[in-house]
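Novice: model this:
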Amino acid sequence: MIRIILAVIFCLFTFSQNLYAAQSTITEAEGYSCAGEDKSRKQTEVSAMAEAKRIAVEYAVSYVKSETKIKDYQVEKDVVDAYSNATVKVMEIKERGWYKDERSGDCYKMKIKAEVIPDEKAMTSLAANQSAADDPALPLSVKVWTDKKQYKNKEQIKIFLKGNRPFYARVLYVNVKGESLQLLPNPSRSDNYFNGGVIYEIPSGNDRFELEVSPPFGEEKILVYASSTELGKINVQTAGAVYEVKTDVGDVGVKTRGIQLKEKTAGSKPAESFFESTVTIKTLQ
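Specialist: Below you'll find the predicted structure:
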């Protein structure tokens with residue numbers, strides 16, 4: 001449970017080994033398909049979506065290759081293979097519709113915003129390699145941990161973040177009731193940009209709160225969303241020294257992924273790195 005007293009937030013959580021982390025790339029892609037004489041309209045629409053997903057993977061692989069400068073050939077191959085076998089999650093259908101092509105007849109266009117999630121097993125294996133996990137040449141990866149494995153009543157805890165590359169982050173705390181507080185950015189610390197290779201502590205600096213053990217007890221979570229660009233906005237309300245999250249917990253991840261994609265160079269396809277990490281913690285009396 002969270003108690004806010006004199007702009008200081010008091011809460012309890014103890015660390016467990018349960019950690020979830022996932023890397024991904026967010027991009028936009030277009031797919032086209034023509035009905036011809038052998039496809040129904042429905043089949044054509046499905047084909048256009050499949051094409052858009054395939055191209056999204058190609059863009060993600062191209063982005064990873066261009067944004068990373070991996071010197072180890074095997075590591076580079078593992079990363080590219082992981083993205084080549086990626087899962088594509090459609091975040092938004094930007095545009096879709098039928099049009100007439102002079103030569104092919106009825107055709108369908110599908111433009112999507114997609115999250116390309118590399119093969120989880122391959123990326124987990126790569127992250128287990130300490131030197132590789134800290135390598136700034138690799139796709140964005142952010143470590144999240146606390147200073148001890150468990151805490152007793154009234155003990156204060158610290159959260160630590162370290163990315164292999166510069167990143168923007170949103171840090172949330174979800175209590176036993178499922179209520180969410182945004183620890184960062186907060187009313188006193190709007191800057192949520194972090195340099196790579198540096199360990200950051202929460203709370204610290206301009207933060208005007210402390211994290212202290214108190215009941216009720218149960219399973220709680222620390223959620224960290226990170227990206228190579230500014231994160232999408234969520235609905236929050238000032239609650240002392242932090243923000244109370246008004247967006248439904250199930251929608252926070254989707255809205256946070258609502259980043260603005262821009263072409264970095266002429267002719268390049270817009271894409272950005274994204275990373276999500278969840279530490280499940282358990283409160284003890």
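Novice: in the stretch 151-285 of the chain, where is pLDDT below threshold?
Specialist: By pLDDT under 70, the weakly predicted segments of the stretch 151-285 of the chain are 262-269.
Novice: can you give me the helices for it?
Specialist: Ranges of helices in the stretch 151-285 of the chain, per DSSP state H, counting those that start in this stretch, are 249-256.
Novice: list the buried ones in the longest helix seen in the chain?
Specialist: Among all segments of the chain classified by DSSP state H, the helix with the greatest residue count is helix 41-67. Residues of helix 41-67 classed as buried by neighbour count (16 or more other CB atoms under 10 Å): 44-45, 47-49, 51-53, 55-64, 67. The C-beta positions use only the backbone N, C-alpha and C, and glycine is treated the same way.
Novice: equivalent analysis for stretch 186-198, please.
Specialist: 186, 187, 189, 192, 194.
Novice: quick check: the second one vs residue 207, distance?
Specialist: From residue 187 over to residue 207 the distance is 10 Å, taken as CB to CB, to the nearest Å.
Novice: before we move on, what about the third one?
Specialist: With distances defined as CB to CB, the gap from residue 189 to residue 207 amounts to 6 Å.
Novice: what is in contact with residue 187 and residue 207 at once?
Specialist: Residues touching both residue 187 and residue 207 by CB atoms under 8 Å, 6 or more residues apart in numbering: residue 241.
Novice: count the neighbours of the nearest residue to residue 98 once chain neighbours are set aside for me.
Specialist: Leaving aside its chain neighbours, residue 98 sits nearest to residue 108 (5.5 Å; criterion: CB to CB, 6 or more residues apart in numbering). Other residues within reach of residue 108 by the criterion other CB atoms under 10 Å amount to 24.
Novice: let me see the contact set for residue 108.
Specialist: Contacts of residue 108 (CB under 8 Å, 6+ apart): 32-35, 41, 44-45, 47-48, 96-99.
Novice: go on, residue 58?
Specialist: Residue 58 touches residue 29, counting by CB under 8 Å, 6+ apart.
Novice: model confidence score at it, please.
Specialist: Among the per-residue scores, residue 58 holds a pLDDT of 92.
Novice: tell me the spacing between it and residue 192.
Specialist: Taken as CB to CB, the span from residue 58 to residue 192 is 31 Å.
Novice: go on, residue 60?
Specialist: For residue 60 relative to residue 192 (CB to CB), the value is 24 Å.
Novice: picking that back up, ok, so of the buried residues of stretch 186-198, who is nearest residue 168?
Specialist: residue 192 (5.5 Å; CB to CB).
Novice: what sits against the closest residue to the closest one other than its chain neighbours?
Specialist: In space, and not counting its chain neighbours, residue 192 is closest to residue 185: 4.4 Å by CB to CB, 6+ apart. By CB under 8 Å, 6+ apart, the contact list for residue 185 reads 170, 191, 192, 243.
Novice: over to residue 205?
Specialist: Per CB under 8 Å, 6+ apart, neighbours of residue 205: residue 189.
Novice: try 10 Å this time
Specialist: The neighbours of residue 205, taking CB atoms under 10 Å, 6 or more residues apart in numbering as the test, are 188, 189, 191.
Novice: same thing with residue 111?
Specialist: Residue 111 is in contact with 28-32, 48, 52, 92-97, counting by CB under 10 Å, 6+ apart.
Novice: and it, what element?
Specialist: strand 105-117 (DSSP states H and E).
Novice: buried residues of that strand, list them for me.
Specialist: 107, 108, 109, 110, 111, 112, 113, 114, 115, 116, 117.
Novice: stretch 78-86 now?
Specialist: Of the residues in stretch 78-86, those buried (16+ other CB under 10 Å) are 78, 79, 80, 82, 83, 86.
Novice: so of the residues you listed, which ones are in helices?
Specialist: Per DSSP H, these map to helices at 78, 79, 80, 82, 83.
Novice: tell me the pLDDT at the second one?
Specialist: The confidence metric pLDDT takes the value 81 at residue 79.
Novice: try the last one
Specialist: Each residue has a pLDDT score; the one for residue 83 is 84.
Novice: that one contacts residue 122, correct?
Specialist: Yes: counting by CB atoms under 10 Å, residue 122 is a contact partner of residue 83 at 9.0 Å.
Novice: what about the strands in the stretch 151-285 of the chain?
Specialist: 159-163, 167-174, 180-184, 193-194, 199-202, 219-227, 236-239, 242-245, 271-282 (DSSP state E, counting those that start in this stretch).
Novice: what lines up beside the second one in the sheet?
Specialist: According to DSSP bridges, the neighbouring strands of strand 167-174, each with its direction, are strand 180-184 (antiparallel), strand 193-194 (antiparallel), strand 219-227 (antiparallel).
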